[in-house]
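1. Turn this into a model:
(4 chains)
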Number of protein chains: 2
Amino acid sequence: MASIKDVAAEAGVSVATVSRVLNDHPSVSADARTRVLAAVEALGYRPNAVARSLRTDQTHTLGLVISDVMNPYFTELARSVEEEARALGYSVIIGNADERPELQDHHVRTLLDRRIDGLLVSPTDGGSPLIVDAARAGTPMVFVDRWIPGVEVPVVRADGRAAVRDLVAHLHGLGHRRLAIIAGPAATTTGSERVEAFREALGEYGIPLPDAYIGQGDFQAESGRRVTEGFLDLPEPPEVVFAADNLMALGALDAVRARGLRVPDDLALAAFDDIRWFVHTDPPITAIAQPTGELGRAAVRALVDSIEGRTPRSVTLPARLVVRRSCGEPPASPEPAPVRNRSQS
Amino acid sequence: MASIKDVAAEAGVSVATVSRVLNDHPSVSADARTRVLAAVEALGYRPNAVARSLRTDQTHTLGLVISDVMNPYFTELARSVEEEARALGYSVIIGNADERPELQDHHVRTLLDRRIDGLLVSPTDGGSPLIVDAARAGTPMVFVDRWIPGVEVPVVRADGRAAVRDLVAHLHGLGHRRLAIIAGPAATTTGSERVEAFREALGEYGIPLPDAYIGQGDFQAESGRRVTEGFLDLPEPPEVVFAADNLMALGALDAVRARGLRVPDDLALAAFDDIRWFVHTDPPITAIAQPTGELGRAAVRALVDSIEGRTPRSVTLPARLVVRRSCGEPPASPEPAPVRNRSQS
DNA sequence: CACGTCGATGTAATCGATTCCACGAGGAGG
DNA sequence: CCTCCTCGTGGAATCGATTACATCGACGTG
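-> Next comes the predicted model:
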């Protein structure tokens, strides 16, 4: 592969001049510039990003460590992150933690070794020392969706509190009184927050949230199935199950289906995270939608601000309830546009 | 950030010795080794992968350019690729082409600039000169799922021919005679191959595939909706629509639903690519399943073979038909295990 | 005892870029 | 006409690693 030296030789100038042309530094004669450009063209030269990074100490790369690529919510997040990053001149390297802390740390370490300019993390657990140290050491970092409390890092996330309240109102209005939740890992902020919001909203109606109605899941489908089976085996099973993410809702659906029961007649179901498939499930699932695309973009902007020396800001956006048929009684009007355009947020 | 020089100073040895310890070269005294290791520990030193790559001309990184991250098929592929790569000591950088050739080229160029050790591509179009040139120039490369004809690059893919024949047999057995297909872009191998296989299989029953029953899609949901509406507007609409990928099937479902029609009563539906959501749609969708995980792993193995100087082999694995209810008449026995374990292929 | 071998170590070149500094030519100003 | 500044350019240092080569002491062998 041709290097800058080859270009310099071909153009009859020094490597310094070639470099100046490439980085369009002002003081290069028009003549030299055209000769260099011709040489670049002739040799099919492309600058070696590795060498450039070593010298400049910037890789123009962002690391994104997400909890689970197979989760459509995170896939969509990754997509919007990459899009915004590209618009700002950065590449993105994605690491999939698969909800496993040690895998998360593996990716963080690898990304740090590659000297990425900044890190976007949605922490799988509540306190990876590696991440905390990196943050303290000054690595530009932004938390997205989930965060680690007590660390001075901007957080970009959706606040589901109001939407959860709307959901509970909706459920209460449908006559449901025994409401259960499939929670995420307590070690994640989203895991515990959603339970709290749910409990609080129930409280407003004087409905308790007994321990038996709090199932411990791990944000993956299998745990949703297991927890739901537990609920169904209870002497007094809940009338509604609220899954704290979309995959656990899928597992819940599996469990109900395996017993030959029906949603919402035998058990109503709602989920946090709205994904396009929820429109097509049997029945369509009522869910709390996060502004995923906007979150991804805001996170990138905050991170790039941090990298380029501006002060990054935390961002909290509202989530909203999308009512469908999985909790009973169809909504007043059918959903207007079944295919959502993928470029919208 | 501490460099190898700092470690050398701290340990009281030369950088060469530090480097030898780090790469466990045999001729280092036990004493020096422990001192270096202690210094590494004390300083929290981590080798700079950028510098290392520049010197050794290897990045231990694979590039993966896929057509669409939002497509669960490719997400699963990406996941298995990363897993196998990690097991073999490589990282993966994913580029999302979003079915746009220029975006695909952008990512290929960026990856090449970063001097990745090898490239895994599922080409969005039939003949990016950039990719062809890179292959000819000797960049280790493997095509996965789709390929570019006429280029000397191993291909790892699933052969759906037999499964399509099974599907047609199934449809014919249910009494369907007017069968249409939503095709992928003709520029992709999978796009044209699936139409051919379908036409061939129909031929065995003496059923023609008129042009009106070949809708041109682009592997994205919106095109599936558009094409399906076209089909429904025909004077003699088809009884079955076969979508060449899962997203177009989703779009087809949208179109049917928007008209207040029902699957399979008004229009039967089948899809290429089986994804877990198909079990939960209304109705569950009959699909052709590819051994996605195995494809990803095989592709990585072939690529790493190529990188490390062994001869890579092309791999073709069979796809298989999974019958559900979207073409009419439920299958003989219900699906045995509703939740599929995510670690299986 | 001399010499060759081997193991441990350090010095320095190298990878491919960027960038500081020095230098020469040419133009402006006194 | 001399000085000074500016502009275009090249030489060389530098980033942080790896590695060929040189060196040196210890040891084994004839």
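
2. Near the residue nearest to residue A:243 when sequence neighbours are not counted, how many other residues are there?
-> In space, and not counting its chain neighbours, residue A:243 is closest to residue A:249: 3.8 Å by Cβ to Cβ, 6 or more residues apart in numbering or on different chains. All C-beta spots, glycine's among them, are computed from the backbone N, C-alpha and C. Using other Cβ atoms under 10 Å in any protein chain shown, residue A:249 has 30 neighbouring residues.

3. Repeat that for residue A:86.
-> The local packing of residue A:86 (other Cβ under 10 Å) involves 18 other residues.

4. Residue A:186 now?
-> Based on other Cβ under 10 Å, the number of other residues close to residue A:186 is 11.

5. Contacts only, for whatever residue of chain A ends up closest to chain B.
-> In chain A, no residue comes nearer to chain B than residue A:282, which is 3.5 Å away by Cβ to the nearest Cβ. Counting by Cβ atoms under 8 Å, 6 or more residues apart in numbering or on different chains, residue A:282 makes contact with A:263, B:280, B:281, B:282, B:283, B:284.

6. likewise residue A:117?
-> A:58, A:59, A:60, A:61, A:62, A:90, A:140, A:307.

7. how about the residue nearest to residue A:243, what does it touch?
-> Going by Cβ under 8 Å, 6+ apart, residue A:249 touches A:182, A:224, A:243, A:269, A:270, A:271, A:285, A:287.

8. give me that answer again for 10 Å
-> By Cβ atoms under 10 Å, 6 or more residues apart in numbering or on different chains, residue A:249 lies in contact with A:182, A:221, A:224, A:228, A:241-243, A:269-273, A:275, A:278, A:281, A:285-287, A:326, B:280.

9. got it, and residue A:8?
-> By Cβ under 10 Å, 6+ apart, the neighbours of residue A:8 are A:14, A:15, A:16, A:17, A:18, A:19, A:36, A:39.

10. Tell me which stretches of chain A form helices.
-> Secondary structure of chain A, counting by DSSP state H: helices at A:4-11, A:15-22, A:30-43, A:49-56, A:72-87, A:101-113, A:129-136, A:161-173, A:189-203, A:221-233, A:246-258, A:292-307.

11. Show me the one of these that comes nearest residue B:196.
-> For residue B:196, the closest of the helices of chain A is helix A:72-87, at 31.0 Å, according to Cβ to Cβ.

12. quick one: is that closest one near chain B?
-> Yes. Judged by Cβ under 10 Å from any Cβ of the partner chain, helix A:72-87 and chain B are in contact via A:72, A:74, A:75, A:76, A:78, A:79, A:82, A:83, A:86.

13. Now render the residues you listed as JSON lines, adding pLDDT and distance to DNA strand D.
-> Shown next, in JSON lines, are the residues of helix A:72-87 next to chain B (pLDDT from 0 to 100; distance: Cβ to the nearest atom of the strand, whole Å):
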{"residue": "A:72", "pLDDT": "95", "distance to DNA strand D": "39"}
{"residue": "A:74", "pLDDT": "96", "distance to DNA strand D": "32"}
{"residue": "A:75", "pLDDT": "96", "distance to DNA strand D": "34"}
{"residue": "A:76", "pLDDT": "96", "distance to DNA strand D": "36"}
{"residue": "A:78", "pLDDT": "97", "distance to DNA strand D": "29"}
{"residue": "A:79", "pLDDT": "96", "distance to DNA strand D": "33"}
{"residue": "A:82", "pLDDT": "97", "distance to DNA strand D": "28"}
{"residue": "A:83", "pLDDT": "97", "distance to DNA strand D": "31"}
{"residue": "A:86", "pLDDT": "97", "distance to DNA strand D": "26"}
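
14. Need those in a markdown table (columns: distance to DNA strand C).
-> As requested, these are exported to a markdown table (distance: Cβ to the nearest atom of the strand, whole Å):
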| residue | distance to DNA strand C |
| --- | --- |
| A:72 | 39 |
| A:74 | 34 |
| A:75 | 34 |
| A:76 | 35 |
| A:78 | 29 |
| A:79 | 30 |
| A:82 | 24 |
| A:83 | 26 |
| A:86 | 20 |
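
15. for the residues you listed, which one is nearest residue B:236?
-> Nearest to residue B:236 out of those is residue A:72 (Cβ to Cβ; 37.2 Å).

16. So what's the residue count around the residue lying closest to that closest one once chain neighbours are set aside?
-> Using Cβ to Cβ, 6+ apart and skipping the chain neighbours, the partner closest in space to residue A:72 is residue A:275 (4.3 Å). Residue A:275 has 23 neighbouring residues, counting by other Cβ under 10 Å.

17. Residue A:275 touches residue A:77, doesn't it?
-> No. Counting by Cβ atoms under 10 Å, residue A:275 does not reach residue A:77; the two are 11.6 Å apart.

18. joint contacts of these two?
-> Between them, residue A:275 and residue A:77 share these contacting residues under Cβ under 10 Å, 6+ apart: A:71, A:292.

19. I'd like the distance between the residue in the stretch 151-300 of chain A positioned nearest to DNA strand D and residue A:131.
-> For the stretch 151-300 of chain A and DNA strand D, the shortest gap (Cβ to the nearest atom of the strand) falls at residue A:153, measuring 24.3 Å. Between residue A:153 and residue A:131 the computed distance is 9 Å (Cβ to Cβ, to the nearest Å).

20. what do the two both touch?
-> A:119, A:121, A:139, A:141, A:143.

21. Write out the residues of chain A neighbouring DNA strand C.
-> A:1, A:3-5, A:15-16, A:19-20, A:22-23, A:47-48, A:51-52, A:54-56 (Cβ under 7 Å from any atom of the strand).

22. out of these, which are buried?
-> Using 16 or more other Cβ atoms under 10 Å in any protein chain shown as the burial test, the residues of chain A next to DNA strand C include A:4, A:19, A:20, A:22, A:47, A:48, A:51, A:52, A:54 as buried.

23. from the residues you listed, which single one is nearest DNA strand D?
-> residue A:54 (4.2 Å).

24. what's the closest non-adjacent residue to the closest one?
-> In this structure, residue A:54 finds its nearest non-sequential neighbour in residue B:50, 5.0 Å apart by Cβ to Cβ, 6+ apart.

25. I figured that neighbour was touching residue B:1, is that so?
-> No. In this structure residue B:50 lies outside contact range of residue B:1 using Cβ under 10 Å: 11.4 Å.

26. so what sits against both of these two?
-> A:57, A:115.

27. check contacts around the residue lying closest to residue A:104 once chain neighbours are set aside.
-> The shortest distance from residue A:104 to any non-neighbouring residue, by Cβ to Cβ, 6+ apart, is to residue A:97 (3.6 Å). The contact partners of residue A:97, taken as Cβ under 10 Å, 6+ apart, are A:65-69, A:74, A:103-108, A:121-125, A:128.

28. For residue A:97, give its distance to residue A:154.
-> 20 Å.

29. so what's the residue of the stretch 51-200 of chain A found nearest DNA strand C closest to, chain neighbours aside?
-> Distances between the stretch 51-200 of chain A and DNA strand C by Cβ to the nearest atom of the strand are smallest at residue A:51, namely 3.4 Å. Leaving aside its chain neighbours, residue A:51 sits nearest to residue B:54 (5.4 Å; criterion: Cβ to Cβ, 6+ apart).

30. so who does that neighbour touch?
-> If you count contacts by Cβ under 10 Å, 6+ apart, residue B:54 has them with A:48, A:50, A:51, A:52, A:53, A:54, A:55, B:48, B:115.

31. neighbours around residue A:258, how many?
-> Look at residue A:258: counted by other Cβ under 10 Å, it has 17 neighbours.
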